[in-house]
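Chemist: Coordinates for the following, if possible.
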Amino acid sequence: MSIKALPDSERPRERLIENKNISLVEILAILISTGYKEKSALDLARIIISRFGFYSLKYLNYNDLIKIRGINKAKASRILAAIKLAKIINKEFSKPLIIRSPSNVFKFINKLNPINEKIFLFSVDNRNRLLVYEAFPNNNNIIRQILGFVIKNDVFNLIIAHNHTSGICRPSKQDIRFTKRIKGLLWDMNTVLVDHIIVTKKRYFSFRLNKML
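Modeler: Got it, this is the predicted structure:
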């Protein structure tokens, strides 16, 4: 359904003008402005968030956006300008997130409320301040994606976390094998695996605290 077909009370731009609470999807839709025959601006906004994830939006670049059908140079520029503005505001007024313990990661991930199982990567400095964050679907390419993240961001200390949608908060044999393998690969790249944390809605499991690293 196109945005024009929506009642005025449900259109993102009108909701913004009336100072109503609007979602991230609606904000992106306002920046995108128009879609194409098969997809509305709201649809394109949902595609962007689904593809890159909420907390990775600030790392988007022009090439990422222009690959999406319906996003042209003007639309990509508006989105990037908004991200740039948010970065400037964030730099001036916010303090860095400090990951002091696995509980910080647990709270962070549960605020995202992920529906599907994902791998969450946190690059931290020697004072445990978050430098870069990214999330990926937990699939067969995850090893390559993790190593790519490390290379791209020159990561020295890495925290890996993933959610168990089953609610079972203990590592599977596959989790244990994965942790051993990725720790060795990271070591060869001079990157320290600080922890691997399994998260459910109610609790978490830390490989480090359980002396399994």
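Chemist: so how far is P137 from N104?
Modeler: Between N104 and P137 the computed distance is 23 Å (CB to CB, to the nearest Å). (Each C-beta comes from the backbone N, C-alpha and C, glycine too.)
Chemist: Who has more neighbours out of those two?
Modeler: Neighbour count, other CB atoms under 10 Å: between N104 and P137, N104 has more, with 17 against 12.
Chemist: Let me know the average pLDDT across whichever strand or helix holds the more buried one.
Modeler: Remark: N104 resides in helix 102-112, with elements defined by DSSP states H and E. Helix 102-112 shows a mean pLDDT of 92 in the predicted model.
Chemist: Return the set of residues that bridge with the closest residue in space to R127 that isn't next to it in sequence.
Modeler: Residue nearest to R127 in three dimensions, not counting chain neighbours: I98, with 7.3 Å by CB to CB, 6 or more residues apart in numbering. Using DSSP bridges, the beta-bridge partners of I98 come out as R129.
Chemist: switch to numbering from 363
Modeler: Right, with 363 as the first residue, what we last looked at is I460.
Chemist: What about I460, how many residues nearby?
Modeler: The local packing of I460 (other CB under 10 Å) involves 13 other residues.
Chemist: And it, what's its pLDDT?
Modeler: According to the per-residue confidence, I460 scores 89 in pLDDT.
Chemist: who's in contact with it?
Modeler: I460 makes contact with 466, 489-492, according to CB atoms under 8 Å, 6 or more residues apart in numbering.
Chemist: hmm, back to that, could I get the buried residue list for the helix holding N466?
Modeler: Neighbour counts over helix 464-474 (16 or more other CB atoms under 10 Å) mark 464, 466-468, 470-471 as buried.
Chemist: so which of these comes closest to L548?
Modeler: Out of the buried residues of helix 464-474, the one with the shortest distance to L548 is V467. That distance is 17.4 Å, counting by CB to CB.
Chemist: Could you list the domains of the chain?
Modeler: Dividing the chain into domains by automatic domain parsing, as the record does, gives the ranges 365-455, 464-568.
Chemist: would you turn these into TSV with distance to L575?
Modeler: Output for the domains of the chain, formatted as TSV (distance: least, CB to CB, whole Å):
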stretch	distance to L575
domain 365-455	25
domain 464-568	6
